[in-house]
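Undergrad: Have a look at this fold, sequence not included:
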């Protein structure tokens, strides 16, 4: 699957990242290699493998869920650089 530098440039824009043209071409080639590898993996027969299997024995260590006191609103925003009426104030990022 081909990924052209324009597509990488668009994705970089969405992520608010900037790259030089040479770097965009390099990234598009790397993404192509990744997608080609994924296509190879899709060809494997995984019918006998459980969906969540892993090569190592993994066991979640769970603790009891005990309710506890949480931070008050004033404590939570105490160190915020900008706040208004009990809320965090952040810059607008939507264009």
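TA: Thanks, I have the structure now. Note that the structure is predicted; figures quoted are calculated from it, not measured.
Undergrad: Phi, psi for the residue nearest to the spatial centre of the chain please.
TA: With distances taken as CA atoms, centre = their mean, residue 15 lies nearest the centre of the chain, 10.6 Å away. Main-chain torsions, residue 15, degrees, to the nearest 10: phi -90, psi 0.
Undergrad: And it, how far from residue 95?
TA: 14 Å (CB to CB, to the nearest Å). (C-beta placed from N, C-alpha, C; glycine too.)
Undergrad: just for the chain, where's the confidence low?
TA: Counting by pLDDT under 70, the chain shows low-confidence ranges at 1, 53.
Undergrad: Show me where it has its helices.
TA: For the chain, applying DSSP state H gives helices covering 5-14, 21-42, 73-76.
Undergrad: Mean neighbour count and distance to residue 50 added to those helices, as TSV?
TA: Output for the helices of the chain, formatted as TSV (neighbours: other CB atoms under 10 Å; distance: least, CB to CB, whole Å):
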stretch	mean neighbour count	distance to residue 50
helix 5-14	14	33
helix 21-42	12	17
helix 73-76	10	42
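Undergrad: how about those helices in CSV, adding distance to residue 62?
TA: Listed next are the helices of the chain as CSV, based on distance: least, CB to CB, whole Å:
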stretch, distance to residue 62
helix 5-14, 37
helix 21-42, 31
helix 73-76, 27
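Undergrad: For residue 85, find the nearest of the ones you listed.
TA: helix 73-76 (10.3 Å; CB to CB).
Undergrad: Quick one: residues in contact with the closest one.
TA: Helix 73-76 is contacted from outside by residue 86, using CB atoms under 8 Å, 6 or more residues apart in numbering.
Undergrad: For the closest residue to residue 93 other than its chain neighbours, grab phi and psi.
TA: Once flanking residues are discounted, residue 93 sits nearest to residue 16: 7.7 Å by CB to CB, 6 or more residues apart in numbering. Main-chain dihedrals, residue 16, degrees, to the nearest 10: phi 60, psi 50.
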